[in-house]
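> what follows is a predicted protein model with its sequence.
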Amino acid sequence: MTADGTRVELAANIGTAAEAKAAAEQGAGGVGLFRTEFLFMNAPAMPGEEEQFRAYREAAAAMDGRPVIIRTMDIGGDKALPYLDLPREDNPFLGYRAIRIGLGRQDLLKDQLRAVLRASAFGNVKVMFPMISGLQEWREAKGVLEEAKEELRRSGAAFDERIEAGIMVEVPSAAVMAGAFAREVDFFSIGTNDLVQYTLAVDRMNDKVAYLYDYFHPAVLQLIRQVIEASHRAGKWTGMCGGMAGDPLAAPLLLGLGLDEWSMEAGRLGVIKKELSALDREACRSLADSVLTLDTPQAVRQALEEFRRAIGHTL
Ligand code: PEP
Ligand code: MG
């Protein structure tokens with residue numbers, strides 16, 4: 001709860017079902033991102049539907065009715081899967097990755113979606129697709145989800161018929177098209193880790209260009225604002241699960257932009273909760289309006305530091 005009484009969601013990013021329990025103990029209001037690829041990367045062979053179902057059910061149960069957003073596997077880029085035999089690529093982050101693999105191997109995506117759907121009978125489960133770059137990909141992924149539902153209906157398996165389905169916004173084209181997406185998805189979750197690298201053309205793994213990698217770049221901030229506003233116009237909500245959500249310097253700006261949910265490493269929850277609970281939403285709205293007129297990341301950081309000093313917060 002912010003100082004003016006606005007309720008926001010604070011959730012944890014997890015990579016295993018066991019981490020859901022730890023996150024619940026650290027006060028997480030839910031799981032905003034379950035990086036399911038770790039389930040695959042830590043296994044000697046592709047985990048089947050049953051094994052996945054048990055992991056997702058365990059996370060859902062640990063959160064005891066609080067939301068658990070399960071992201072379909074985000075393999076490729078920097079995450080290899082030895083047993084999947086992916087091609088070597090010159091530009092893996094721009095290549096066969098995430099939902100592109102999911103749609104290329106719909107047998108695997110369908111197994112995963114059936115496992116997620118079955119887990120939805122045991123808690124408040126939502127599903128999210130990574131690295132969506134256009135409407136067609138989302139519609140195809142949603143189509144596979146509908147097929148998985150139909151198969152479960154036929155076999156009599158229980159699942160949440162009203163399960164929410166959303167997309168990660170981590171490719172600039174998805175942010176630009178947020179208005180069109182908002183008519184069809186249930187929610188957005190902004191992945192700043194990738195959104196920054198794709199918007200600014202800065203490899204997130206390359207130290208040589210790390211000085212250019214900054215989520216306070218005005219171009220990134222404009223995309224974030226556009227996504228949140230588009231979701232609200234359509235009566236939907238927007239979360240953030242990239243590293244920016246765990247930065248207290250960003251918290252007043254994100255609150256001012258209207259972000260609905262923050263998801264971060266569980267260890268960051270305390271500091272962000274403390275920060276948000278001291279903030280006034282109206283003051284943060286004015287801050288966001290003025291910060292969005294600035295033209296460099298440096299000017300943005302300076303304005304945010306001044307704001308925090310003025311309200312008596314230090315980093
Ligand atoms: C992101 O890109 O911001 C994100 C949360 O996903 P990942 O870090 O797993 O790519
Ligand atoms: Mg990402």
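The structure has been received and is ready for your questions. Numbering: from 1, shown residues only. Ligands and ions are numbered 1, 2, ... in the order given.

> drop to CA atoms for contacts and neighbour counts, all remaining ones
Fine.

> give me the pLDDT for the residue in the stretch 1-150 of the chain that ligand 1 sits nearest to.
Per CA to the nearest ligand atom, R35 is where the stretch 1-150 of the chain lies closest to ligand 1, at 6.4 Å. Looking at R35, its pLDDT reads 98.

> now it: closest residue in space, sequence neighbours ignored.
The shortest distance from R35 to any non-neighbouring residue, by CA to CA, 6 or more residues apart in numbering, is to G15 (4.8 Å).

> wait, what's in contact with that neighbour?
34-39 (CA atoms under 8 Å, 6 or more residues apart in numbering).

> go again using 6 Å as the cut-off
34-35, 38 (CA atoms under 6 Å, 6 or more residues apart in numbering).

> for S189, same thing?
S189 touches 168-169, 238-240, counting by CA under 6 Å, 6+ apart.

> okay if I get the residues you listed as JSON lines plus neighbour count, secondary structure and distance to K274?
Formatted as JSON lines, those follow (neighbours: other CA atoms under 10 Å; DSSP: H, G, I helix; E, B strand; the rest coil; distance: CA to CA, whole Å):
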{"residue": "M168", "neighbour count": "28", "secondary structure": "strand", "distance to K274": "26"}
{"residue": "V169", "neighbour count": "30", "secondary structure": "strand", "distance to K274": "27"}
{"residue": "T238", "neighbour count": "26", "secondary structure": "strand", "distance to K274": "21"}
{"residue": "G239", "neighbour count": "26", "secondary structure": "strand", "distance to K274": "19"}
{"residue": "M240", "neighbour count": "26", "secondary structure": "strand", "distance to K274": "18"}
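
> what segments of the chain are helices?
Using DSSP state H, the helices found in the chain span residues 17-25, 37-41, 49-63, 99-104, 106-119, 135-155, 172-176, 178-182, 192-200, 218-233, 251-257, 269-277, 281-291, 297-310.

> can you name the residues bridging to the closest residue to A28 other than its chain neighbours?
Among residues not flanking A28 along the chain, A11 sits closest, at 4.9 Å (CA to CA, 6+ apart). Beta bridges link A11 to S263, judged by DSSP bridges.

> touching, A11 and V31? I think so.
Yes - with contact defined as CA atoms under 6 Å, A11 reaches V31; the gap is 5.0 Å.

> quick one: least confident helix or strand in the chain?
Least confident helix or strand, the chain: helix 37-41 with a mean of 93, by mean pLDDT, DSSP states H and E.

> not counting its neighbours along the chain, what's nearest the closest residue to ligand 1 within the chain?
Nearest to ligand 1 in the chain, going by CA to the nearest ligand atom, is G191, at a distance of 3.0 Å. Nearest in space to G191, with sequence neighbours left out and distances taken as CA to CA, 6+ apart, is G242 at 4.4 Å.

> does that neighbour touch N193 like I think?
Yes - using CA under 6 Å, G242 makes contact with N193 at a distance of 5.2 Å.

> so between those two, which is more surrounded?
G242 (25 against 17; other CA atoms under 10 Å).

> now for the more buried one: which residues touch it?
191-193.

> could I get the contacts of G15 as a markdown table with distance to Q52 and neighbour count?
Below are those laid out as a markdown table (distance: CA to CA, whole Å; neighbours: other CA atoms under 10 Å):
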| residue | distance to Q52 | neighbour count |
| --- | --- | --- |
| F34 | 12 | 26 |
| R35 | 12 | 18 |
| F38 | 11 | 17 |
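
> between those residues, which sits nearest Y215?
R35 (21.2 Å; CA to CA).

> picking that back up, among the helices of the chain, which is the most enclosed?
helix 251-257 (a mean of 24; mean count of other CA atoms under 10 Å).

> I'd like to know which elements it is packed against.
helix 281-291 (3 or more CA pairs under 6 Å, 6 or more residues apart in numbering; DSSP states H and E).

> what does the helix it packs on contact?
With CA under 6 Å, 6+ apart as the contact definition, helix 281-291 has outside contacts at 252-253, 256.

> CA atoms only for it - export them in CSV, please.
What follows is the C-alpha trace of helix 281-291 in CSV, where atoms were taken according to Å, rounded to 0.1, in the frame of the first residue of the first chain:
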residue,chain,number,x,y,z
ARG,A,281,0.8,8.6,-6.1
GLU,A,282,-0.1,12.1,-7.2
ALA,A,283,3.4,13.4,-6.4
CYS,A,284,4.8,10.5,-8.4
ARG,A,285,2.5,11.3,-11.4
SER,A,286,3.9,14.8,-11.6
LEU,A,287,7.4,13.4,-11.3
ALA,A,288,6.6,11.0,-14.2
ASP,A,289,5.2,13.9,-16.3
SER,A,290,8.3,15.9,-15.9
VAL,A,291,10.8,13.0,-16.2
